[in-house]
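Peer 1: Structural data only, the sequence is not supplied:
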């Protein structure tokens, strides 16, 4: 399958019937996106199946064990979704959420519940019914009390709880004045309600994020601080965490009692391979069946006869942008920031440095999300106007340092070149990822590159989670616009979908075209390779294996 044959289509995304107002979100189409930009239910195309390199052995019935071998970078973090925003997909395959996003349509669908929740007339109370008899991997039965425990623990830990503090009683729980999450009420083992303190239009989508994976109370409590390390992760998902040495390999085994039916794959073996070149050599040598391709290697492998037909282009809901520290007196000048945006030839950058695996931005919110501004044109490229703005902004010191992680070096060097042509001088320094994260949290990054993704595919959450003033102050941005904050808050506080969409579009324009509070550069794609003979891989931020088959 060639890159050109994988162009995406326009997809309609309706809100579920359970919600009071129903409206279709029109989805944009990126140049090489997989259909709906969030899936590949993929067959590796062309050629014949080749199982010669399989890790398979004979099963008890004498049939070949169906194994998928995956090569991934080691995130060196816990599998506990409540304590990390970095995951390669282990947690999503081991644990389930109440609601899920269909990876093809991006519509909400029931998962651990019998149907989408019923919502009260005031938009505050959501009523759920769990499927009967769903089992955790340790054989215990999922109960409504496990749901309450999970949400209570999530909010107590306060790591990934931002989207869940709308649940009534969250503030008291976080303050330590109570151990009870008042907004979650259990009626019996299968029925429960969640009541919000105020209308929050994105809430159903937050329940589909991996942060809201449901844990078994007894097992999680017994594991204590070890939960998420080793094999201390138990869920209701399609695969069990069979082994994990934290350093080299993780093995997932099919859950025979999965509530949607036993997966076709018997096992997924994940080998940690940090070096991008080594991963691809392992793929070419038939040692692994699936891995991401680093953008720096994309041109090489699109010209490789053995690999090019197995490359898949997935477009996540991600935006790469220049993070600008507005506490710097010079960068606080809006004309200078506008000039920096005008100086960037985004199409050229996407075609060359990013090897065609990206699209120029026309806003912050991607076309795969709710409330993307489909009428917006790509950001203007006008170096002459940029030079004029720089000349008239009254800033004499135009020397800046940009600190980036290694994966962002090539793009920042391209920006360095564009900005040098309008009189802005940038020294690019590559720093360790850990130091970069610390400096960003400390507010000391001056200029850098960030790729920010959303798990919910809800535009206002993608944008607001970084640039609302309370969040920007934590990320070396310090963007602080009362207008932007108000628009974000209004978009979240209405269940009228059309109204929420308009507020979100206005907020995007305020951030990127009025204030130039940040400089969006591109919407990245994530290429990966999948060996011929495998089908049914779903990609929604991370790899999902439950519907995969092996010829």
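Peer 2: Okay, I see it. Computed from a predicted model, the values in this text were never measured in an experiment.

Peer 1: buried sites along stretch 294-302?
Peer 2: For stretch 294-302, burial by neighbour count (16 or more other C-beta atoms under 10 Å) applies to 294-295, 297-298, 301-302. In this view, the C-beta of every residue, glycine as well, is placed from N, C-alpha and C.

Peer 1: That should have said stretch 398-406, apologies.
Peer 2: So, applying 16+ other C-beta under 10 Å, buried residues of stretch 398-406: 398, 400, 402-405.

Peer 1: got the residues you listed as TSV, with distance to residue 188 and pLDDT columns?
Peer 2: TSV is the format used below for these (distance: C-beta to C-beta, whole Å; pLDDT from 0 to 100):
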residue	distance to residue 188	pLDDT
398	67	98
400	61	98
402	57	98
403	54	98
404	53	97
405	50	93
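
Peer 1: Put together TSV for those residues, with secondary structure and distance to residue 548 on each row.
Peer 2: Output for the buried residues of stretch 398-406, formatted as TSV (DSSP: H, G, I helix; E, B strand; the rest coil; distance: C-beta to C-beta, whole Å):
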residue	secondary structure	distance to residue 548
398	coil	53
400	strand	47
402	strand	41
403	strand	40
404	strand	36
405	coil	32
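
Peer 1: returning to that earlier point: which one of the buried residues of stretch 294-302 is nearest residue 382?
Peer 2: residue 295 (26.9 Å; C-beta to C-beta).

Peer 1: What's the separation between that closest one and residue 360?
Peer 2: As judged by C-beta to C-beta, to the nearest Å, residue 295 and residue 360 stand 15 Å apart.

Peer 1: before we move on, what about residue 317?
Peer 2: Counting by C-beta to C-beta - residue 317 and residue 360 are separated by 16 Å.

Peer 1: now swap in residue 292 and tell me
Peer 2: Taken as C-beta to C-beta, the span from residue 292 to residue 360 is 22 Å.

Peer 1: Over to residue 427?
Peer 2: 26 Å.

Peer 1: Who has more neighbours out of these two?
Peer 2: residue 360 (21 against 11; other C-beta atoms under 10 Å).

Peer 1: got the phi/psi numbers for the closest residue in space to the more buried one that isn't next to it in sequence?
Peer 2: Distances taken as C-beta to C-beta, 6 or more residues apart in numbering put residue 346 closest to residue 360, at 3.6 Å, once the chain neighbours are dropped. Main-chain dihedrals, residue 346, degrees, to the nearest 10: phi -60, psi -40.

Peer 1: same deal with residue 272?
Peer 2: phi -80, psi 120.

Peer 1: tell me which residues in stretch 465-481 are buried?
Peer 2: Applying 16+ other C-beta under 10 Å to stretch 465-481 flags 465-468, 471-472, 475-481 as buried.

Peer 1: and those as a markdown table, adding distance to residue 95, pLDDT and secondary structure?
Peer 2: Formatted as a markdown table, the buried residues of stretch 465-481 follow (distance: C-beta to C-beta, whole Å; pLDDT from 0 to 100; DSSP: H, G, I helix; E, B strand; the rest coil):
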| residue | distance to residue 95 | pLDDT | secondary structure |
| --- | --- | --- | --- |
| 465 | 22 | 92 | helix |
| 466 | 26 | 95 | helix |
| 467 | 30 | 98 | helix |
| 468 | 29 | 96 | coil |
| 471 | 26 | 94 | helix |
| 472 | 31 | 96 | helix |
| 475 | 28 | 96 | coil |
| 476 | 32 | 97 | coil |
| 477 | 32 | 98 | coil |
| 478 | 36 | 98 | coil |
| 479 | 34 | 98 | coil |
| 480 | 37 | 98 | coil |
| 481 | 37 | 98 | coil |
